[in-house]
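Enquirer: Here is my input, please return the structure:
(chains A, B, C and D)
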Amino acid sequence: MDLTLSQANIAFREEVKAFLEEALTPELKRAGLYMTSVFSDFEASLVWQKILLKKGWLAPDWPVEYGGIDWTLAQKSIFLEESQKAGAPALISMAIQMLGPMLIKYGTQQQQDELLPRILSGEDIWCQGYSEPGAGSDLASLQMKAVSDGDDYILNGSKIWTSFAQHANKIFCLVRTNTEGKPQAGISFLLMDIDLPGITVDPIVSIDGEVEQCQVFFEDVRVPKGNLLGEENQGWEVAKYLLEFERGGYSYYVALNKRLKMIKQLAAEEVTVDDVAFGDDPIFANRLAELEVDKLALEFVEHRIKASLLAGGNPGALSSMTKVVGTELSQQLDELALELRGSYLSPLQNHVLSPAYQGETLGSETGISVMNGYLNNRAATIYGGTAQVQRNIIAKLVLGL
Amino acid sequence: MDLTLSQANIAFREEVKAFLEEALTPELKRAGLYMTSVFSDFEASLVWQKILLKKGWLAPDWPVEYGGIDWTLAQKSIFLEESQKAGAPALISMAIQMLGPMLIKYGTQQQQDELLPRILSGEDIWCQGYSEPGAGSDLASLQMKAVSDGDDYILNGSKIWTSFAQHANKIFCLVRTNTEGKPQAGISFLLMDIDLPGITVDPIVSIDGEVEQCQVFFEDVRVPKGNLLGEENQGWEVAKYLLEFERGGYSYYVALNKRLKMIKQLAAEEVTVDDVAFGDDPIFANRLAELEVDKLALEFVEHRIKASLLAGGNPGALSSMTKVVGTELSQQLDELALELRGSYLSPLQNHVLSPAYQGETLGSETGISVMNGYLNNRAATIYGGTAQVQRNIIAKLVLGL
Amino acid sequence: MNFEYSEDQLVFKDSVTKYLQDQYDFEKRQATVTSDKAFDQTVWAQTAELGWLYMPFSDLYGGFGGSAVDTILFFEEFGKHLVVEPYLETLVLAGGVLGRAEHSLSEEYIPRLMAGELQAAVAHFEAHSRGDLSRISSSAVKQGDSYVLNGKKAVAYNAPEAQILIVSALLPDNRGVGLFLVESNTTGLELQSYPTVDGRVAADITLQDLEVAPINLLAEGDKAMSILEATYNEALLGLTAEMVGAMDVLLQATVDYTKERKQFGTAISKFQVLQHHMTDMFMAAELARSLMYAAAIKVRDGAADASAFVAAAKAKADKCAKQVAHSAVQLHGGIATTEDLNVGHYLKRITVAANMFGSTQYHLQRYQKLSKA
Amino acid sequence: MNFEYSEDQLVFKDSVTKYLQDQYDFEKRQATVTSDKAFDQTVWAQTAELGWLYMPFSDLYGGFGGSAVDTILFFEEFGKHLVVEPYLETLVLAGGVLGRAEHSLSEEYIPRLMAGELQAAVAHFEAHSRGDLSRISSSAVKQGDSYVLNGKKAVAYNAPEAQILIVSALLPDNRGVGLFLVESNTTGLELQSYPTVDGRVAADITLQDLEVAPINLLAEGDKAMSILEATYNEALLGLTAEMVGAMDVLLQATVDYTKERKQFGTAISKFQVLQHHMTDMFMAAELARSLMYAAAIKVRDGAADASAFVAAAKAKADKCAKQVAHSAVQLHGGIATTEDLNVGHYLKRITVAANMFGSTQYHLQRYQKLSKA
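Expert: Below is the predicted model:
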């Protein structure tokens, strides 16, 4: 058992820190600091993508020959941790983290040559068309039809919760090419331009007043069969590969640390009716300590997962629990932040969250994202499999119930 | 809307208080104070029963002509509240509160004449044979066979969780007289002596080391059909009548108040590492206040139920929730008591809980029942329908799910 | 004990329910919220005609003399429909202070409030008050006969719409808090106005050498504090009732939705875990409602423990309502995180209400102190 | 990072597991607990032969020099089998103090402890200590060369069986805490012994003019405090590991039982609510285990934040283990509330362990203070 970092990794951490300190402009930091969801301001993300591309640090999950980096898992963790600590904005994940690995595994040479460089450069902005209205956590029940018509498919149906579709020029979709057999068996994976005739993008306004998701409608949209990623009816396998690929990859503790840092700062600034900082109020401090311990426990679950992966093990059981624990804990932390923000939860001041904003704020600046963050984060226990579905999966796959 | 008591009830409350002050000996009070379950020390309960019989206050749920009292619902509540406040022991409920009303409703004249007076006098101690091993919350699945043999039944099977069977000379049982049709349809209600040939009573030692429950075995036990209460196969209806009769009757807040009082006293005596009484420790006081508010809310749910019954209404939906809320809250209060008791949770000192005990105690006397009470009370969310089954019932009957 | 509304109250409740059902569906509410108006003047005018605005005022002023029990009756319905019209701010808060002050200005303004001619707001709390009525820093000094006020007031709902504001400040010579009535166009009153997440408008207010005539001092010292306490107790009951009403709607909406919504081949209402969530929602709503009844009766009867009960009822309702709202969102899934469905708007109002005039934790501590005393 | 036991540790762990599986089933454990013996001397002798008692002592004394990581390895297994033999009291506590004191008496007694010849206990905490190592009132005065001790010690596990006791008292002249080694038959040492709810024995101890020779003062002042801190950190890790082990057994027992047990016509493992309970039990066990690993490594490495991690790990394990035990009882139903089933015995040990050497809340506050510093 060992918690220490190698000398090489210590040096790498210093290198990352130095780079971040230099590269992050105040505006980029603000974009990172006041994130209210897993996304940052779109423009800021794109700026940050270009900076990382120039540095050669954009795609640690891609093989070097495709423009990636040969970082170890430890190095990836270090980069992620330090980026969040330094307040870097989030990257737009749909292409670099999601489509990229699938293209590299299943794409034709031509698809790879054409699409991968444009992902890295930011010329192409991709969005993901998986979920459908009414399908929810039951992804395999998807209905959007792709009917064969010579060398093309004709698409009809609709996709929902398509993040950043309003910014995208491309979309990758799971579509139904066969209605026979198991629902998973008739699904294909299609790549296409989002401005094809028959595609309409409708923004969805979230309860925090922002648009991050869209509904995308398809009416007699013609897509060449050459745009398949993988074979026809192999779409479920292609999409599942990403889950395998990501297995144990996401670390909730990093974002939770960021939240905790904000809360502690706010608790140092805001004062109770007894005229002490909330951070020094025994009751508040105790509630915070309890959640901090919960975070610490999750952090070491995630370290165990990484250590197991590094050692070639299969931490499947542990990996299955981090989403439930991480998201539910983040929502409990939100409650503390709400209490600190107090009456200043009310003002609707979304413009203040813009990275470029430089004016006054209502209430302390530290807390300006609290209400929006809280509202947005209610979705964290819903998307990607609800907390209930996650528990069903653990009960079945881990406990054999 | 009105919370006030009538002048008559205020006077009644004073009368009850005065009686209790006079009638409760120190030993009886100790039996009431250090209860670790819904039962008091058996002997103390019997002494108290005789005192109440003499006073004429023993059976408020029975009609006057059977030896009961014509108290209003308000008066019953007042008596219950004041009894618990004064530290009166619990009565043995199986006959006075359970069998009695059923005998009065379904018994033959002869059964009533013979059995009711002996219940009041304490000559007969009854126990209840409903649950069976393996049946749990699924009461209707009961298996104990009563096979017709001329004028008798021959009983074979076993009953479990039979409270105080070790003290009882009589038992009332639900038995299966028919295996056809719906499980509820073939059940009969039988009265019998517990020392009949073929009956064996095996005490069950609870995790707190005490015996309150037994398992009762029946091997070819011969019981005359004249011992049926109600008709053959009418047993389910007879047993259900009691539920109707009790509808909304039990008030959890009374016992919760008693628990709160003990905790507050203990919190005033015990001192934290910061050298203040736990009651003055902000964190402890806050946790206590939160549960006290929860209790207060339940208290007014129960007042609403009573008020509705008084007005001839049907508070069924509200009544369905009090057991879950009351028992789960009592378990949360236990946690606070455990913390106060600290290292003195460990000593196994059951003899100290005896009403007659007068010696020294380990740790403060106030807290001597904490550990036993906590252990015993884990069963509160299990017996009489688990918390899960209770929620199933609410989901179905109240919410129509 | 008795927890039934009286015949009169039931008739009134029915008329409120009927009006809101007919005139205040979610689409119409959202049309108002997304318009450039702070609220729907037609609703205000119609409900003035229906006599709603007479309810909280004593017959001294020609009002109906409604009690705290009438307040919860009203606000439970408002909570069900997410009513954004400023009944709490204009009637319960400003009207409440004016009515209790029994000042010559009360006679002047209350009839206009009852007629629906006037909007009002109370600007008492400041950024650091956190619900504690005595924690204000704004101060008044004497200048000749007049008072000159300086300070900053935080998140005063409806202030941007109010023609009259009741502003508090610490009086000189240790006279304690003073409550001043100020016309909104007075020099020295600077409003920074904004919309709020729960579909209303509010303002932060700077008092900059605000000169107020002595006649406009409605009350001071102990009297002012007891007016504030009674008024905010009533307002806290109003918020509690709003949350109770909102819980009923959220529970019913969730029950209905889960019966319709299919996943993995069955209505999701058949999943036991979701059933238990809904059962817990039901119990939360009834627990909060029961304590609200008790608190309203205590306030109406002027019981010694009325404030303790209000604090307890508010803290319990906060906790229950947040639980119910969170479960409602969770069980509806993604759709409830959008502006299109009403569920998220209940969540927002509940979140604000649970933190308005002091946090849940503050009221819990308040209960603890008051019940100990 | 790496959370695997070393090869050597795994070999050792296997032998512990095997011994307990073969020799320590629940029936045998209960036979010991209900006998008139405090524990099973045969087990002690056999495990001495297996070398278990050498583990915690440094090679200075001929021990195996096990670290905190070995401690959790051991105690996780002890927790699984509800072992009542006093490894914690004799080895980790008394042995820990002796080992760290590096006193001439250490050399005398440690070999006897390792040989299994001797039982020992630490009598440090008092009724008001509540886990705070510095909160004791027993005092020592000088009388000639000797010390005379007076005071009361609370709930000293294994004291009735111990031939040697380590007793703490405040020294004169502000010299801080002194740790004394006392033979149990010394005059002035009065034990009130009793069985405990978790199947062990303990005693409250009165020190009545207990005379101790100066040579028996093992350590004093800062050194004594740092010995106590290190020793109790190790003991807290032991308790944490016991709870983690117990959680594993309770989860598996509950999964197995619910698969067998039928209600309303189906195995109750098919009820979604129970499945989610068990899922939460699984997560609780893994969360507690992960933090325990971290804390053990920190202690082994002498990290600056080792005490903070121990406090956090203990607080988390307390909370998780109680949740798991409560769910296990609830899902087993009535049978788990009886002495016959093992489940209730795990509940009792967990409840005691969660309140031993300070409550969950105490350790949470300790974490908070230590992590802030």
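Enquirer: Could I get the pLDDT score of A:A311?
Expert: What the model reports for A:A311 is a pLDDT of 88.
Enquirer: Please name the residues that touch it.
Expert: A:A311 makes contacts with D:N2, D:E4, as judged by Cβ atoms under 8 Å, 6 or more residues apart in numbering or on different chains. For every residue, glycine as well, the C-beta is placed using N, CA and C.
Enquirer: how close does it sit to B:G326?
Expert: Distance, A:A311 to B:G326, by Cβ to Cβ, to the nearest Å: 51 Å.
Enquirer: when you scan stretch C:274-291, is anything in it near chain B?
Expert: Yes: Stretch C:274-291 lies within reach of chain B by Cβ under 8 Å from any Cβ of the partner chain, at C:Q275, C:H276, C:M278, C:T279, C:D280, C:F282, C:M283, C:E286, C:L287, C:A288, C:S290, C:L291.
Enquirer: my guess is the third one contacts C:Y257, does it?
Expert: Going back to what we said before, that points to C:M278. No: contact criterion Cβ atoms under 8 Å: C:M278 and C:Y257 do not qualify, at 10.4 Å.
Enquirer: Report the set of residues contacting both of these two.
Expert: C:L331.
Enquirer: Please say which of the two ends up with more neighbours.
Expert: A direct count of neighbours by other Cβ atoms under 10 Å in any protein chain shown for C:M278 and C:Y257 places C:M278 higher, at 25 against 20.
Enquirer: gap between the more buried one and D:F264?
Expert: Distance, C:M278 to D:F264, using Cβ to Cβ: 20 Å.
Enquirer: How about the helix or strand of chain C with the lowest mean pLDDT and chain A, touching?
Expert: Every helix and strand in chain C was compared by mean pLDDT, DSSP states H and E; the lowest is strand C:262-263, with a mean of 87. Yes: Strand C:262-263 is in contact with chain A by Cβ under 8 Å from any Cβ, via C:K262, C:Q263.
Enquirer: Distance from the chain centre to that strand, please.
Expert: 38 Å (Cα atoms, centre = their mean, to the nearest Å).
Enquirer: now stretch C:139-157
Expert: Chain-centre distance of stretch C:139-157: 24 Å, with Cα atoms, centre = their mean.
Enquirer: any idea of the mean pLDDT in that stretch?
Expert: In the prediction, stretch C:139-157 has an average pLDDT of 98.
Enquirer: Ok, stretch A:126-144 next?
Expert: Per-residue pLDDT over stretch A:126-144 has a mean of 87.
Enquirer: starting at the chain centroid, how far to it?
Expert: Relative to its parent chain, stretch A:126-144 has a centroid offset of 17 Å by Cα atoms, centre = their mean.
Enquirer: Can you tell me the closest non-neighbouring residue to A:K306?
Expert: Spatially, and ignoring its direct neighbours in sequence, A:K306 is nearest to A:L73 (5.7 Å; Cβ to Cβ, 6 or more residues apart in numbering or on different chains).
Enquirer: Burial check on that neighbour, number of neighbours?
Expert: Per other Cβ under 10 Å, the neighbour tally for A:L73 reads 14.
Enquirer: Surely A:Q358 is within a strand?
Expert: No: using DSSP: H, G, I helix; E, B strand; the rest coil, the assignment for A:Q358 is coil, not a strand.
Enquirer: Enumerate every residue touching the residue in chain C that chain D sits nearest to.
Expert: Nearest residue of chain C to chain D, counting by Cβ to the nearest Cβ: C:Q272, 4.2 Å away. By Cβ under 8 Å, 6+ apart, C:Q272 lies in contact with B:N392, D:F271, D:Q272, D:V273.
Enquirer: quick one: the last one from B:Q388, how far?
Expert: Using Cβ to Cβ, we find D:V273 at a distance of 6 Å from B:Q388.
Enquirer: overlap in contacts of these two?
Expert: By Cβ under 8 Å, 6+ apart, the residues touching both D:V273 and B:Q388 are C:H276.
Enquirer: which residues in the stretch 151-300 of chain C form helices?
Expert: Using DSSP state H, counting those that start in this stretch, the helices of the stretch 151-300 of chain C run over C:221-260, C:272-300.
Enquirer: how about the residues of chain A near chain D?
Expert: A:1-4, A:285-286, A:288-290, A:292-294, A:296-298, A:300-301, A:303-304, A:306-308, A:311, A:317-318, A:321, A:324-325, A:388, A:391-392, A:394-395, A:398-401.
Enquirer: Just the buried ones out of the residues you listed, please.
Expert: Buried residues within the residues of chain A next to chain D, counting neighbours by 16 or more other Cβ atoms under 10 Å in any protein chain shown: A:1, A:3, A:285-286, A:288-290, A:292-294, A:296-298, A:300-301, A:303-304, A:306-308, A:318, A:321, A:324-325, A:388, A:391-392, A:394-395, A:398-399, A:401.
Enquirer: and those residues, which of them are in helices?
Expert: If you go by DSSP state H, those have A:285-286, A:288-290, A:292-294, A:296-298, A:300-301, A:303-304, A:306-308, A:318, A:321, A:324-325, A:388, A:391-392 in helices.
Enquirer: Using PDB, write out every CA atom in stretch C:243-252.
Expert: Provided in PDB are the C-alpha atoms of stretch C:243-252 (Å, rounded to 0.1, in the frame of the first residue of the first chain):
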ATOM      1  CA  MET C 243     -44.800  25.600   0.400                       C
ATOM      2  CA  VAL C 244     -47.500  23.300   1.700                       C
ATOM      3  CA  GLY C 245     -49.700  24.100  -1.300                       C
ATOM      4  CA  ALA C 246     -46.700  23.600  -3.600                       C
ATOM      5  CA  MET C 247     -46.100  20.200  -2.100                       C
ATOM      6  CA  ASP C 248     -49.700  19.000  -2.800                       C
ATOM      7  CA  VAL C 249     -49.300  20.000  -6.400                       C
ATOM      8  CA  LEU C 250     -45.900  18.400  -6.800                       C
ATOM      9  CA  LEU C 251     -47.000  15.200  -5.200                       C
ATOM     10  CA  GLN C 252     -50.100  14.900  -7.400                       C
END
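Enquirer: residues in contact with C:E161?
Expert: Neighbour list for C:E161: C:A38, C:F39, C:P86, C:Q119, C:A121, C:V201 [criterion: Cβ under 8 Å, 6+ apart].
Enquirer: Buried only: go through the residues you listed for me.
Expert: C:A38, C:F39, C:P86, C:Q119, C:A121, C:V201.
Enquirer: Let me see the confidence value for the residue lying closest to C:A38 once chain neighbours are set aside.
Expert: Distance criterion Cβ to Cβ, 6+ apart; nearest residue to C:A38, sequence neighbours excluded, is C:V201 at 4.3 Å. Listed pLDDT for C:V201 reads 98.
Enquirer: domains for chain A, by residue range?
Expert: Listed domain ranges for chain A are A:7-91, A:125-235, A:250-398 (source: automatic domain parsing).
Enquirer: Any chance of these in TSV with distance to D:F357 as columns?
Expert: Shown next, in TSV, are the domains of chain A (distance: least, Cβ to Cβ, whole Å):
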stretch	distance to D:F357
domain A:7-91	34
domain A:125-235	44
domain A:250-398	17
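Enquirer: Let me know which of those domains is the nearest to C:F26.
Expert: C:F26 sits nearest to domain A:125-235 of all the domains of chain A, at 13.9 Å, using Cβ to Cβ.
Enquirer: Quick one: end-to-end distance for the closest one.
Expert: Its first and final residues considered, domain A:125-235 spans 21 Å by Cα to Cα, to the nearest Å.
Enquirer: who in the stretch 251-373 of chain C is up against chain D?
Expert: Residues of the stretch 251-373 of chain C lying near chain D (Cβ under 8 Å from any Cβ): C:F271, C:Q272, C:V273, C:H276.
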